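Participant: Fold the following and give me the result.
(one chain, ligands or ions: 2)
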Amino acid sequence: MPSLAADAGKLGGGDTGLGDALLVNGNGDRLTGVEGKYWVRAEEAKAGEDGQPPLFRTYKIRGFLLHPYRLLILLRVIAVVAFFAWRIRHKSHDDGWLWTLSVVGDVWFGFSWLLNQLTQLNPIKRVPDLAALADRHGSKELPGIDVFVTTVDPVDEPILYTVNSILSILAADYPVDKYACYLSDDGGTLVHYEAMVEVAKFAELWVPFCRKHCVEPRAPENYFAMKTQAYKGGVPGEFVSDHRRVRREYEEFKVRIDSLFSTIRQRSDWYNAKHDGENATWMADGTHWPGTWFEPADNHRRGQHAGIVQVILNHPSCEPRLGFPASADNPLDFSGVDVRIPMLVYISREKRPGYNHQKKAGAMNAMLRVSALLSNAPFVINFDCDHYTNNSQAFRAPMCFMLDRRHGGDDTAFVQFPQRFDDVDPTDRYSNHNRVFFDGTLLSLNGLQGPSYLGTGTMFRRVALYGVEPPRWGAAASQIKAMDKANKFGTSTPFVGKMLDAANQERSITPPVAIDESVVSELAALTECTYEDGTSWGRDVGWVYNIATEDVITGFRMHRQGWRSMFATMEPGAFRGKAPINLTERLYQILRWSGGSLEMFFSHSNALLARGRLHPLQRVAYFNMSTYPIVALFIFAYSFFPVMWLMSDQFYIQRPFGTYLLYLVGVIAMIHVIGMLEMKWAGLTLLDWCRNEQFYMVGATGVYPTAVLYMALKLVTGKGIHFRLTSKQTTASSSDKFADLYTVRWVPLLVPTILVLVVNVGAVGLAVGKAAAYGLLAETGRLPALGTLFNVWILVLLYPFALGIMGKWGKRPAILFALLVLAVAAVAVMYIALHAM
Ligand SMILES: O=c1ccn([C@@H]2O[C@H](COP(=O)(O)OP(=O)(O)O[C@H]3O[C@H](CO)[C@@H](O)[C@H](O)[C@H]3O)[C@@H](O)[C@H]2O)c(=O)[nH]1
Ligand SMILES: [Mn+2]
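Facilitator: Ligands and ions are numbered 1, 2, ... in the order given. Below is the predicted model:
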């Protein structure tokens, strides 16, 4: 979606009316046709209650698309009901048990489809108006933001991504004294700490360079990888030489980052040799690193080390500080550029054996406390170390929603951006872009109480994370005053003392914190494992614990309290990241997501049990979000029905089989026509949509049933699911960018889908055999041939999976088709041979 505000600003100096004209006519190059064609302003551009112009614009789908869309949904409801009625009236079949199962499956199918469609009846799009924000809130008035990044391991989550993520944050276009950046390192490795020290040094060059030349995006790796870079800055004459210089410095910076492992090892060897008998990991200043060591030792290993909080860059002064003119040492002229860099803090919370550290959620909560003492911004942005800020304006856009008082901006707990990904294979084999969800589903939820929280690319209101209720139910400050803070938030008086400040949203970030001994010891206390014992952290406060996916459930808690959320898009996309393109990794990822959602259903956060502040359709949406894997049990069972034809010549789940098929084809086709209309308003391509259908089937034939099984086991045995970290693509070093796509990692999770493939290929072979043996005129020959419609459809859906398990051969789909023809022919010949006997 185009950034209307930015465009309007460029064209007419903040004349927002011009942006509108473009939008409605849909004729300016900079606007995609979709915008003007399918969306229309939902309300007049009236000034808000406070007499100020609105900070964002709201759009709804144009009638010519919305009405047929809704009508089709209604028609399908009628078709589905007719189908059930027909099935109940025709209890004719070859197996009563299977017939019942398939009717139950169809009912659940229709029911969950209907619930899902109900939440999609009224999608709403909101576009932040950055120009209006700039008009109303000059830099001085913008509120503070604490930016949180999480990482665990410098190898599994390549450190190059992490340093780029941090650099992109430090260089963001937001008042530099109004935000701070925190890195949480759950591995506690010195490599990460020293990488941050290097980042701080390189930022002195990178950040002013970005400001001087208006560089985009501000993650150097991605910036330098771009082919064409339109110049937007004010000093084009100096660009080429500055660019060359910074690029060279960046290459050297990367070499230093790469060699950190060996630098630290060599240094440690040297110190250890001096202190014979020691096996420590040493910091540059000749002291022991308090975190994990290369050679694990007591109190210095993963899962057992002290808490560390290191302020790498302290808060900058509140007045701009201009750089120096070019000189021999520094050939870049920064004399007209503000060279201040925002605050940067490294955190590794304490780890002790016997404690459940609660993964990412635990890390986020530790950061929330530490940042309260150091910067205490009223807003918090969070993203994973494999994501970076792709649009330097990204921190401003969510403010348009948070600070607009018209539509309960005050009631907005969080603003969610869609996730966008780099380095996904061009045909997006495993639907990594997931546009149907990120654009379709989230726009729909945006028309209700708001999108769910997705774990990354999100801005929160700090008090909402503290469990405070929306202002409609009382001012945050008075709520906080009334709380039993020691029991809820733990025993740190300084932390609790800062809560009231955070409630005062408009207040800018606190002046530089003097980090004296009392602050240091308080920070240590706040990162201790025991700090949360007996408090509400992980339940009513902060990110939620004891679940495989902390994100949806944390957002749910806020929606349940009556907060709303907003979905924000901007062009270029605000944040971008990496996605797993290896089949196995991708399947494990959706296993974690689907398992986590079922866990949510069976937790204190069950959508049906939430109190009345939840919007009714939002409740339905959460019900769907936490039960969607269940329907896959039926899909999975359906995909095995062809087995019946292996057992006997005549076997039909429903008779008359021809009519049954006709109904099935009809209701399935209707889903797809509705999907086509969704594609229009969500701005999806046909490929996005097909990949989504296909990957859903891949999940439904293996991962989702497995998640249901896990959940059932958990309910019986009480043992939770162990979910692993998504391994990031590490193909940077390999010559083939998409090498991960062609590596097969065999795991049991692949087996069920392979079985489905085999059975359906077999069924097609059988049908061909029967048609040859009996001729298409006989029912025994004709019906199975009709049935292959169903089998072929399953095979088409599972095509990406089939390519995936072929590994390197998957580069040549022709091989797959040849194999398919061979297998079908073999089964057919076998059938004919047996039949003739
Ligand atoms: O003990 C841990 C484990 C993970 N993480 C961090 O959590 C993030 C997400 O983990 P990852 O394995 O990359 O999961 P993804 O599947 O890529 O993440 C998606 O799904 C998660 C929920 O399952 C969300 O939290 C993420 O934001 C969302 O991007 C990463 O930054 C990790 O560094 C920690 O900080 N501590
Ligand atoms: Mn990730």
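
Participant: all contacts plus neighbour counts: C-alpha atoms, from now on.
Facilitator: Will do.

Participant: for residue 322, phi and psi?
Facilitator: phi -80, psi 150 (degrees, to the nearest 10).

Participant: can you check residue 389 too?
Facilitator: phi -80, psi 120.

Participant: and if you look at residue 291?
Facilitator: The phi/psi pair for residue 291 (degrees, to the nearest 10) is phi -90, psi -140.

Participant: ok, now how distant is it from residue 140?
Facilitator: 39 Å (CA to CA, to the nearest Å).

Participant: Which one's more surrounded, the two?
Facilitator: residue 291 (26 against 11; other CA atoms under 10 Å).

Participant: mind showing which ranges of the chain have poor pLDDT?
Facilitator: Applying pLDDT under 70 to the chain flags residues 1-35, 44-51, 407-408, 505-512, 645-649, 720-723, 728-735.

Participant: Point out the residues in it that sit beside ligand 1.
Facilitator: 150-152, 186, 359-360, 363, 384-385, 455-456, 549, 551, 589, 593, 725-726 (CA under 6 Å from any ligand atom).

Participant: Could you rerun that using 5 Å?
Facilitator: 150, 151, 152, 359, 360, 384, 385, 455, 456, 549, 725, 726 (CA under 5 Å from any ligand atom).

Participant: Tell me which residues touch the third one, please.
Facilitator: Contacts were defined as CA atoms under 8 Å, 6 or more residues apart in numbering; by that measure residue 152 touches 185, 186, 187, 188.

Participant: okay, now the residue in the stretch 501-650 of the chain that ligand 1 sits nearest to: neighbour count?
Facilitator: Here the stretch 501-650 of the chain gets closest to ligand 1 at one residue, residue 549, 4.1 Å apart by CA to the nearest ligand atom. Around residue 549 there are 24 other residues, counting by other CA under 10 Å.

Participant: Phi, psi for the residue in the stretch 51-200 of the chain that ligand 1 sits nearest to please.
Facilitator: Distance from ligand 1 to each residue of the stretch 51-200 of the chain (CA to the nearest ligand atom) is smallest for residue 151, at 3.2 Å. Residue 151 adopts backbone torsions of phi -150, psi 160, taken as degrees, to the nearest 10.

Participant: re the thing from before, which residue sits closest to the residue of the stretch 501-650 of the chain closest to ligand 1, ignoring its sequence neighbours?
Facilitator: Among residues not flanking residue 549 along the chain, residue 596 sits closest, at 5.0 Å (CA to CA, 6 or more residues apart in numbering).

Participant: same question, residue 418
Facilitator: Nearest non-adjacent residue to residue 418 (CA to CA, 6+ apart): residue 438, at 5.3 Å.

Participant: what's the burial count for that neighbour?
Facilitator: Residue 438, neighbours per other CA under 10 Å, totals 18.

Participant: that older thread, out of the residues of the chain next to ligand 1, grab the one that's most surrounded.
Facilitator: Neighbour max across the residues of the chain next to ligand 1 (other CA under 10 Å) = residue 385, 27 neighbours.

Participant: so residue 658 makes contact with residue 784?
Facilitator: No - if you go by CA atoms under 8 Å, residue 658 and residue 784 don't touch, sitting 9.9 Å apart.

Participant: more neighbours, the two?
Facilitator: When residue 658 and residue 784 are compared for neighbours, residue 784 comes out ahead with 28 against 15, by other CA under 10 Å.

Participant: Now that one: which helix or strand?
Facilitator: helix 779-797 (DSSP states H and E).

Participant: Show me what the first helix or strand past that helix going along the chain is packed against.
Facilitator: Once helix 779-797 ends, the next helix or strand along the chain (criterion: DSSP H and E) is helix 799-805. Contacts defined by 3 or more CA pairs under 8 Å, 6 or more residues apart in numbering; DSSP states H and E place helix 799-805 against helix 686-698, helix 813-836.

Participant: so of the ones you listed, which one's packed in deepest?
Facilitator: helix 686-698 (a mean of 20; mean count of other CA atoms under 10 Å).

Participant: Not counting that one itself, show me its contacts.
Facilitator: 427-431, 433-436, 675, 679, 753, 794, 796-801.

Participant: rerun at 7 Å
Facilitator: Helix 686-698 is contacted by residues 429, 430, 431, 434, 435, 436, 753, 797, 798, 801 when judged by CA atoms under 7 Å, 6 or more residues apart in numbering.

Participant: which of the residues you listed lies closest to ligand 1?
Facilitator: residue 434 (12.5 Å).

Participant: what ranges do the strands span in the stretch 551-700 of the chain?
Facilitator: 564-567, 575-578 (DSSP state E, counting those that start in this stretch).

Participant: what would those strands look like in CSV with mean neighbour count?
Facilitator: Formatted as CSV, the strands of the stretch 551-700 of the chain follow (neighbours: other CA atoms under 10 Å):
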stretch, mean neighbour count
strand 564-567, 28
strand 575-578, 22
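
Participant: Figure out which of the ones you listed is closest to residue 227.
Facilitator: Checking the strands of the stretch 551-700 of the chain against residue 227 by CA to CA gives strand 575-578 as the closest, at 17.8 Å.

Participant: Quick check: can you name the pairing partners of that closest one and their directions?
Facilitator: Next to strand 575-578 in the sheet, as set by DSSP bridges, lie strand 387-389 (antiparallel), strand 421-422 (parallel).

Participant: which residues sit against the next helix or strand after the first one?
Facilitator: Towards the C-terminus, the helix or strand next in line after strand 387-389, according to DSSP H and E, is helix 397-402. Applying CA under 7 Å, 6+ apart, the external contacts of helix 397-402 come out as 55, 56, 128, 129, 130, 133, 409, 410, 412, 415, 459.

Participant: ok, now with 6 Å
Facilitator: 55, 128, 409, 415 (CA atoms under 6 Å, 6 or more residues apart in numbering).

Participant: Which of those residues sits closest to residue 202?
Facilitator: Out of the contacts of helix 397-402, the member with the shortest distance to residue 202 (by CA to CA) is residue 415, at 30.8 Å.

Participant: got the phi/psi numbers for the closest one?
Facilitator: According to degrees, to the nearest 10, residue 415 has phi -120, psi 120.

Participant: ok, residue 78 - how many residues close by?
Facilitator: 12.

Participant: Confirm it sits in a strand?
Facilitator: No - per DSSP: H, G, I helix; E, B strand; the rest coil, residue 78 lies outside any strand segment and is helix.

Participant: OK, contacts around it?
Facilitator: Residue 78 neighbours (CA under 6 Å, 6+ apart): none.

Participant: quick one: stretch 409-418 to chain centroid distance?
Facilitator: 16 Å (CA atoms, centre = their mean, to the nearest Å).

Participant: List the contacts of it.
Facilitator: Contacts of stretch 409-418 (CA under 6 Å, 6+ apart): 398, 401-403, 438, 457-461, 464, 470, 563-569.

Participant: Can I get stretch 798-815 as CSV, trimmed to CA atoms?
Facilitator: Output in CSV follows, covering the C-alpha atoms of stretch 798-815 (Å, rounded to 0.1, in the frame of the first residue of the first chain):
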residue,chain,number,x,y,z
LEU,A,798,0.2,-31.2,-2.2
TYR,A,799,2.4,-30.4,-5.2
PRO,A,800,4.7,-28.1,-3.2
PHE,A,801,5.2,-30.8,-0.7
ALA,A,802,6.0,-33.4,-3.3
LEU,A,803,8.6,-31.0,-4.8
GLY,A,804,10.0,-30.4,-1.3
ILE,A,805,10.7,-34.1,-0.5
MET,A,806,12.4,-34.5,-3.8
GLY,A,807,15.3,-32.4,-2.6
LYS,A,808,17.6,-31.3,-5.5
TRP,A,809,15.4,-33.1,-8.0
GLY,A,810,12.7,-30.6,-7.1
LYS,A,811,14.5,-28.2,-9.3
ARG,A,812,13.1,-30.1,-12.2
PRO,A,813,9.4,-30.6,-11.8
ALA,A,814,9.3,-32.6,-15.1
ILE,A,815,10.9,-35.5,-13.1
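
Participant: If anything else comes up later, I'll come back, but that's it for now.
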